[in-house]
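Q: I would like to see how this sequence folds:
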Amino acid sequence: MTVAEMFSEFVGNLAISNTETISTRYGELTAALNKQFRDTESKEANTLQVGSFGRKTGINGISDLDMLYIMPKGKWDDYNKSGGQLELLQDAKDAILKRYPNTKVRVDRLVVTVTYTDFHVEVQPVFEQDDQSYKYPDTKNGGCWKVTKPREEMKAVADLDAAKNANLRRLCKMARAWKNKHGVAMGGLLIDTLGYNFLSSTAAYDTKSYLYYDELSRDFFKYLSEEPDQSEYAAPGSRQRVRVKKKFQRKARKAHQLCLKAIDAEGQANVNEKWKKVYGRPFPSAPARLTEARSALSWDDTEEFIEDRFPVDVCSYLRIDCEVKQNGFRKFFLSDMLSRLIPLKSNKKLRFWVAEISVDKPYEIYWKVLNRGDEAERRNCIRGQIIADRGSMEKTEETSFRGDHVVECYCVKDGVVVAKDRIHVPIQADGSDYD
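A: Sure thing, here's the model as predicted:
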């Protein structure tokens, strides 16, 4: 496959597959609110699809959808009072439940969250201003009104996308695949802001397309890796503040290095697999090579993929750690051993646990242990099954044979993978992985 063919197929694979279902849900919610506040049945009037879906930068598996419901101007005095912000959200919740009583609906600080099987919609009732900005309710500390300007953000993204030969939205989609693959806790607006800033800073891709997306990837991740640490950015168009949840520079630096290796492998049989290390499963495999490899397997391919169980839309932070023990005593943390170049050998016990997580309960934790390398294949023991945590938020293993092994942890909330992390476990010489 050529570079253009690989990246064209990759972007195609990112297309949202349940657009019709999402649009149906938007329409149902709009109709419920129109019935309550305007006594009409319209599924389209007085609503605005915002967020990644509205900016057209979302990808398949999108779970966090945003919708503004534009309130009648005549209702302003009813809610512009002490406690009016919470009252507005509660009235919106009641309107949705009245029409759809079996739907899970709750009031949060700024929105009404409506949860479906594999995504949720955050409904924000707003009052439109003369400049097409919107006042929305904030219930914190007794309540106040704040201003949002999504139309300016959507216009800015659309305008730059047109000026950059449709490369902005595609880049933002590819960046989402990267953050889902590597568990980078970044919100959609932050990704779009960084993509916007990057393409605004260069004319190198003004007329380029898929044939140059290998270089586009390389340059974008280099740009991210060199960004100074800061707590927030200004959103395109609106210039409103976009919060940085966790530093992304280290993982961007790793992605840049992976891009360099993939570019060096151009024309080789393994180039697709090199790009998969950057972008994950949506990046296409090399069909002929994959068919030949499967027919020649001398071991059972038992690896499972979380994407086959749940939509993946990483927006929160999860970090796992590993403790190395021998004869019941702690020797080192695995990260310390690797940083000090101490080899990990056999006859060790490894305890993996969730060290940090930013997701509010309830949620579910899943683990995956994958053995890689010649020894794992020779023993027909690559494992890779996805196993539910039993409530301890940890997993214990024993080293048994050499190779480069991987332990992954996933946090699933409301049927969506919202956070993930992985640890590489390199076992050397006479040592290790898991039975």
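Q: Every contact and neighbour count from this point should use C-alpha atoms.
A: Fine.
Q: Would you map the strands across the stretch 201-350 of the chain?
A: 232-234, 241-243, 318-326, 329-333, 349-357 (DSSP state E, counting those that start in this stretch).
Q: Buried residues, stretch 274-291. List them.
A: 274-285 (16 or more other CA atoms under 10 Å).
Q: measure the residue nearest to the spatial centre of the chain to residue 248 for me?
A: Among the residues of the chain, the one closest to the centroid is residue 314, at 2.8 Å (CA atoms, centre = their mean). Applying CA to CA, to the nearest Å, the value for residue 314 to residue 248 is 13 Å.
Q: Quickly list what's touching both of those two.
A: Here residue 314 and residue 248 have 184-186 as joint contacts, going by CA atoms under 8 Å, 6 or more residues apart in numbering.
Q: Residue ranges in this structure under the pLDDT threshold?
A: For the chain, the stretches with pLDDT under 70 are 288-297, 326-331, 337-347, 373-379, 399-403, 427-435.
Q: swap the cut-off to 90 and go again
A: For the chain, the stretches flagged by pLDDT under 90 are 1, 117-118, 141-142, 286-303, 322-351, 370-384, 396-406, 424-435.
Q: how does it divide into domains?
A: By the record's domain assignment, the chain is partitioned as 19-148, 160-263, 297-427 (automatic domain parsing).
Q: okay but residue 371 is in contact with residue 397, surely?
A: No: counting by CA atoms under 8 Å, residue 371 does not reach residue 397; the two are 11.9 Å apart.
Q: Correct me if wrong: the residue nearest to the centre of the chain contacts residue 419.
A: Yes: between residue 314 and residue 419 there is a contact under CA under 8 Å: 5.0 Å.
Q: intersection of neighbour lists for the two?
A: Common neighbours of residue 314 and residue 419 (CA under 8 Å, 6+ apart) are 183, 185.
Q: Now do the residue nearest to the centre of the chain against residue 177, distance only.
A: Residue 314 is 9 Å from residue 177, by CA to CA.
Q: circling back: skip the chain neighbours and tell me the closest residue to the residue nearest to the centre of the chain.
A: Nearest residue to residue 314, sequence neighbours excluded (CA to CA, 6 or more residues apart in numbering): residue 418, at 4.2 Å.
Q: for the strands of the stretch 201-350 of the chain, which one sits closest to residue 173?
A: Closest approach to residue 173 among these is made by strand 241-243 (18.2 Å; CA to CA).
Q: Would you check that residue 410 makes contact with residue 417?
A: Yes: shown here, residue 410 and residue 417 form a contact pair, counting by CA under 8 Å, at 6.5 Å.
Q: Only the buried residues of the helix or strand where residue 386 lies, if you could.
A: Element membership of residue 386 [criterion: DSSP states H and E] is strand 383-388. Within strand 383-388, the residues scored as buried using 16+ other CA under 10 Å are 383-384, 386.
Q: ditto for stretch 259-279
A: Buried residues in stretch 259-279 (16+ other CA under 10 Å): 259-260, 262-263, 265-266, 271-279.
Q: And for stretch 109-124?
A: Buried positions in stretch 109-124, judged by neighbour count with 16+ other CA under 10 Å: 110-115, 118-124.
Q: I'd like to know which elements the helix or strand residue 20 falls within is packed against.
A: Taking DSSP H and E as the definition, residue 20 sits inside helix 19-38. Counting contacts by 3 or more CA pairs under 8 Å, 6 or more residues apart in numbering; DSSP states H and E, helix 19-38 packs against strand 64-70, helix 84-99.
Q: Convert that helix to PDB, retaining C-alpha atoms only.
A: The C-alpha atoms that make up helix 19-38 are tabulated as PDB, following Å, rounded to 0.1, in the frame of the first residue of the first chain:
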ATOM      1  CA  THR A  19     -24.400   8.600  13.100                       C
ATOM      2  CA  GLU A  20     -28.000   7.700  12.400                       C
ATOM      3  CA  THR A  21     -28.600   6.600  15.900                       C
ATOM      4  CA  ILE A  22     -27.000   9.700  17.300                       C
ATOM      5  CA  SER A  23     -29.100  12.000  15.100                       C
ATOM      6  CA  THR A  24     -32.200  10.100  16.200                       C
ATOM      7  CA  ARG A  25     -31.400  10.600  19.900                       C
ATOM      8  CA  TYR A  26     -30.700  14.300  19.300                       C
ATOM      9  CA  GLY A  27     -34.100  14.600  17.600                       C
ATOM     10  CA  GLU A  28     -35.900  12.800  20.400                       C
ATOM     11  CA  LEU A  29     -34.400  15.000  23.100                       C
ATOM     12  CA  THR A  30     -35.200  18.200  21.000                       C
ATOM     13  CA  ALA A  31     -38.800  17.100  20.600                       C
ATOM     14  CA  ALA A  32     -39.100  16.500  24.400                       C
ATOM     15  CA  LEU A  33     -37.800  19.900  25.200                       C
ATOM     16  CA  ASN A  34     -39.800  21.600  22.500                       C
ATOM     17  CA  LYS A  35     -43.000  20.000  23.800                       C
ATOM     18  CA  GLN A  36     -42.300  21.200  27.300                       C
ATOM     19  CA  PHE A  37     -41.200  24.800  26.600                       C
ATOM     20  CA  ARG A  38     -42.900  25.600  23.300                       C
END
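Q: okay, the angle between it and helix 84-99?
A: 110 degrees (axes from the mean of the first three to the mean of the last three CA atoms, to 10 degrees).
Q: Just the buried positions in helix 19-38, please.
A: By neighbour count with 16+ other CA under 10 Å, helix 19-38 contains the buried residues 22, 25-37.
Q: With neighbour numbers in mind, choose between residue 371 and residue 397.
A: residue 371 (26 against 15; other CA atoms under 10 Å).
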